[in-house]
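Participant: Please work out how this folds:
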Amino acid sequence: MKLLTLAASSSRQSINKHLAMYAASLVTGAEVDILDINDFEMPLYSIDRETETGIPVLAKDFLNRIAQADAIIISFAEHNGSYTAAYKNLFDWASRIDPKVYQNKPMLLLATSPGPSGASTVLTAAVNSAPYFAGDVKASLSIPSFYDNFDLETQQLTNTEFHQKLQTLVTTL
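Facilitator: Numbers count the residues shown, from 1 in each chain. As a prediction, this is how the structure comes out:
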């Protein structure tokens, strides 16, 4: 299985990238394609810009990466209760090419934050909106208090309950 894995964050030290990569490592036999949204930096979307300059090739490249995958893992960072600007901009451009951005791929949606809510607000939004964009959400999981539940040195969840739950959820892909 070819597994597209990404953190919906532009932070180079993204805790969501750590979580997404950890989840991908639990998928037995997967060929993991790591997508860094920093490689897809585009002008801020607007209808005027689209009319004047067209759709950036990077938006097409993003959709092509999704097309090549058999399944997708996304871990969402939460900024002010919503998507990060970087992910939302990439998504907005891609959806102008094809509103079925996720191309009916099975998806595992994750989120984490340093605080007790675990980015649950953005995760709820992502889970609820994905079907409108041809996302086949198989499962979702929020990990609260990231630094209390994940060891950056070993790159593993230290909370047994969260580990077991994630281990089960990756089998849905």
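Participant: CA atoms for contacts and neighbours, from now on please.
Facilitator: Will do.
Participant: Wait, a helix at Ser129?
Facilitator: Yes - assessed with DSSP: H, G, I helix; E, B strand; the rest coil, Ser129 lies in a helix.
Participant: tally of neighbours for it?
Facilitator: Close neighbours of Ser129, defined as other C-alpha atoms under 10 Å, add up to 13.
Participant: For it, give its distance to Asp136.
Facilitator: 11 Å (C-alpha to C-alpha, to the nearest Å).
Participant: go on, Thr5?
Facilitator: On the measure of C-alpha to C-alpha, Thr5 and Asp136 end up 15 Å apart.
Participant: Neighbour count: these two, which is higher?
Facilitator: Thr5 (25 against 20).
Participant: helix/strand/coil for the more buried one?
Facilitator: Thr5 - assigned by three-state DSSP - is strand.
Participant: so Val127 touches Val137, yeah?
Facilitator: Yes - Val127 is within contact range of Val137, at 6.8 Å (criterion: C-alpha atoms under 8 Å).
Participant: quick one: common contacting residues for those two?
Facilitator: Contact with both Val127 and Val137 is made by residues Leu109, according to C-alpha atoms under 8 Å, 6 or more residues apart in numbering.
Participant: quick one, helices of the chain?
Facilitator: 15-25, 47-53, 57-68, 85-97, 120-129, 146-149, 160-170 (DSSP state H).
Participant: Quick check, pLDDT for the residue of the chain most remote from its centre.
Facilitator: For the chain, the residue at maximal distance from the C-alpha centroid (C-alpha atoms, centre = their mean) is Glu52, at 29.7 Å. Here the pLDDT value assigned to Glu52 is 98.
Participant: need the helices of the chain in CSV with distance to Met107, can you?
Facilitator: Compiled in CSV, the helices of the chain are given as follows (distance: least, C-alpha to C-alpha, whole Å):
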stretch, distance to Met107
helix 15-25, 12
helix 47-53, 29
helix 57-68, 11
helix 85-97, 16
helix 120-129, 10
helix 146-149, 22
helix 160-170, 9
